[in-house]
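[1] 3D model of this:
(chains A and B)
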Amino acid sequence: MHGGSRPAVRVDDLGKRYDVGTGVGAGLGPSLGEDLRLAARRLLPSQRAASTRSFWAVRHVGFDIAEGERVGIIGRNGAGKSTLLKLLTRVTTPTEGVGDIWGRVGSLLEVGTGFHLDLTGRDNIFLSGSILGMRRKEIERKVDEIVEFSGVGPFLHTPVKRYSSGMYLRLAFAVAAHLEPDVLVVDEVLAVGDADFQRKCLGRMDELGQSGRTVLFVSHSMDAISRLCDRVLLLDRGGLVADGAPGEVIRAYRDAGLGDAPERVWDGCGPSDDLAQLRRIAIRSCGEVREAVDIRSELEVEVVYELGPHARTRPSVELWALDDDGILLFRSSDHGARAGVDRPGLFRSTCTIPGNLLAEGGFHLDVHLTGYDPKVVHAIEQRAASVQVIDRSEGDGVRGEVAERWPGALRPALAWSRHEVGNEIVGG
Amino acid sequence: MSVAEPTAPVSRRVHHITPTPSQREFVADLWQARDLIQVLSLRDIKIRYTQTALGAGWAIIQPLLFMGVFAAVVSRVASVETAGIAYPLFALSGLVPWVFLSNAVPRAADSVVSSSNMVGKVWFPRLALPLAAVLAWLPDMVVATVLLGCGMAIGTTAPSPAIVLLPLVAAWAVLVALGLGSWLSALNVRFRDIRNVVPFLVQVWLFATPVAYPSSVATGWPRMLFGLNPASGVVESFRWCVFGGAGPSALLLLPSVASTLVILAGGIRFFTAVEHKFADVI
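    I've put the predicted structure just below:
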């Protein structure tokens, strides 16, 4: 902590519980009818326990941040990072605990909050700026600077729906980058855009940090965290498990195996039973292990496992592919059981995931080592390896130059063809 | 590019993070968010008229069409006592505030849900959403009032001096729409049923409001019941401001003012009590 400076953020024993499933208490009921039905059911004591299932997204979190500190927040997906940011920015309220934040809070939880596709670039600067908490006068003063930073000058009076995704992102970030709050809270917004854009974003955040503002920054990029922050908080399962200098905390994070990594090597202590053991998993793109991969490039997955002396059959290596939301994208197996009886030793299974198939965002592999005949699960490692799939939107990708969100669990490149047809086909 | 000097914040306003945020600061919060409210209203107006062939012409088409229908149907089926005013003008004078309410209330009811993306990502006083949605219909009401003025000029009907009070009536209409809008928008977050119910309620509301007919069809106690509909007071007052005459009876006016205040105070209280849950539920 900076000695003698004033506090910027102070939270004490913060907790946030979400009720999932039926959730009468949290008012998550999808319709009045269902709510009434559930409310009636809750009157019967026997059913009360079953009606709500809840989990703590954040619990018992407390820390002090002094003015001017630049604090990174890390942790694997679902650790509570985003919930913590929502609590700090007052988007949602805690279930328990209290906190104080001094000064104006600027939150950047998403690039392009409030943007409306039908409005022009200039209109959207005012709209998004106001939503992020800027005064109109302030925006008027900065509009030229914002336009210059974004580089969309010639298209300022064009509806943003006609922008390329790159232009859209640049404009949206430019607005946010000109916020000058006392406390800036930034979620992982840098996972989008091309390398040049990302460099620009980091540069701007660095400037804001240097100018004495308090910055809270969530990221999966340890590189960005160690560059921008002078203190790091590590969250796991909703709790604060480490708080200290970046190098230290990042090491703890990696050592605890909490981080998503494209490669994992186990030295004889991998997930196993007495017959078979996982030794390594790696996702490679263009022959290299990397955290971020281009959406267009092929991924090679390698799984290495060891069969013990008592193994009678070769197990199957099975991959379960999931996205950030935990949606199962596909399941794939090397059907090793068909190879019959095998000898002890090290074995390698590899496969290739084609390019232009996965969607943007996190891509995670669970690996199962399963023997058949009789069926026995030797090992399961969830999220054994992960990569971030990046769509640079350079026009030759699936989304082309389309600026809006491109939803979908997968983003396959399909072979389209089109040609004019006569009337004979229509209605035929 | 320049970065602002590391100035010490002038007023280090403290934001409290607590499970039960205070409801009392909503006026100060709204005042702080006045630029946002203006920008959101302008957004609504711009979106409404971009890529429409008729643009702002829509502001007069709606009241004109209704007037035509009322003149063609209502005035023939029933004899309407209009105190000497030509029926089309009589109907139009009711339609100007009515069209405002019937547009503003459903849009306000939808305002929070349709901004779920913003609500989930940024804090701002949520009441800005229904308020901006309501205010976005004021320009249309002004245009429709000008249309009414043109109609009166053609029909050589002189306006009453009370016409200077029209802004007050417009403000009343805004408060009615905001009161209903804050109830409906907050309920809509939790019960999307509201979305289905509102258009139906607006239709019923039209028949319960003296738009196509004068409130003098009811007398005594029934007229007071009439007055419990705040739109009755708004419409009759609007009409009186334009045409003058005896003016709306206190039997109608007092219940209307009272019900407006009850709906508004209750709506804002309810809204501010639940707004901190919006981001979790929406």
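[2] what about the residue in the stretch 101-250 of chain B positioned nearest to chain A, which SS state?
    Using Cβ to the nearest Cβ, B:Trp123 is the residue of the stretch 101-250 of chain B that sits closest to chain A, at 4.0 Å. (Glycine included, C-beta is placed from N, CA and C.) The assignment at B:Trp123 comes out as coil when based on DSSP: H, G, I helix; E, B strand; the rest coil.
[3] That one contacts A:Thr89, correct?
    Yes. Assessed by Cβ atoms under 8 Å, B:Trp123 is found in contact with A:Thr89 at 5.6 Å.
[4] And the nearest residue in space to B:Ser160 that is not next to it in sequence, how close does it get to B:Ala83?
    Closest residue to B:Ser160 apart from its sequence neighbours, by Cβ to Cβ, 6 or more residues apart in numbering or on different chains: B:Gly244 at 2.8 Å. Here B:Gly244 is placed at a distance of 10 Å from B:Ala83 (Cβ to Cβ, to the nearest Å).
[5] Just want the most central residue of chain B.
    Nearest to the mean C-alpha position of chain B, counting by Cα atoms, centre = their mean, stands B:Ala177 at 3.3 Å.
[6] Identify the residues contacting residue 177.
    If you meant another chain, say so; for now it's chain A. Contacts for A:Ala177 (Cβ atoms under 8 Å, 6 or more residues apart in numbering or on different chains) come out as A:Phe149, A:Cys201, A:Arg204, A:Leu208.
[7] meant chain B, my bad for not saying
    B:Ala177 makes contacts with B:Phe100, B:Leu101, B:Ala104, B:Val105, B:Ala108, B:Val134, B:Trp137, as judged by Cβ under 8 Å, 6+ apart.
[8] Quick one: mean pLDDT over the host helix or strand of it.
    Counting by DSSP states H and E, the element that carries B:Ala177 is helix B:166-190. Averaging pLDDT along helix B:166-190 gives 96.
[9] What ranges in the stretch 251-400 of chain A fall below the confidence cut-off?
    A:257-259, A:268-269, A:336-342, A:373, A:393, A:395 (pLDDT under 70).
[10] three-state assignment of the closest residue to chain B within it?
    Closest contact between the stretch 251-400 of chain A and chain B, by Cβ to the nearest Cβ, is at A:Asp325 (15.2 Å). Here A:Asp325 is coil, with the state taken from three-state DSSP.
[11] coming back round to it: you'd agree the residue nearest to B:Ser160 is up against B:Leu165?
    No. Between B:Gly244 and B:Leu165 there is no contact under Cβ under 8 Å: 10.9 Å.
[12] How far off centre is the worst-scoring helix or strand of chain B on mean pLDDT?
    Ranked by mean pLDDT, DSSP states H and E, the weakest helix or strand in chain B is helix B:74-77, scoring a mean of 78. Here the centre of helix B:74-77 is set off from its chain's centre by 28 Å, with Cα atoms, centre = their mean, to the nearest Å.
[13] and that helix, which residues are buried?
    B:Ser75 (16 or more other Cβ atoms under 10 Å in any protein chain shown).
[14] counting contacts, what elements does that helix pack onto?
    Contacting helix B:74-77 under the criterion 3 or more Cβ pairs under 8 Å, 6 or more residues apart in numbering or on different chains; DSSP states H and E are the following elements: helix B:87-111.
[15] got the angle between the helix it packs on and helix B:166-190?
    40 degrees (axes from the mean of the first three to the mean of the last three Cα atoms, to 10 degrees).
[16] which helices and strands does helix B:87-111 pack with?
    When contacts are defined as 3+ Cβ pairs under 8 Å, 6+ apart, helix B:87-111 sits against helix B:58-72, helix B:74-77, helix B:128-135, helix B:138-154, helix B:166-190, helix B:193-207, helix B:230-243.
[17] Just the CA coordinates for the shortest one, please, in PDB.
    So that's helix B:74-77. C-alpha atoms of helix B:74-77 as PDB (Å, rounded to 0.1, in the frame of the first residue of the first chain):
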ATOM      1  CA  VAL B  74     -68.600   7.600 -32.300                       C
ATOM      2  CA  SER B  75     -70.400  10.900 -33.300                       C
ATOM      3  CA  ARG B  76     -72.900   8.900 -35.400                       C
ATOM      4  CA  VAL B  77     -73.600   6.200 -33.000                       C
END
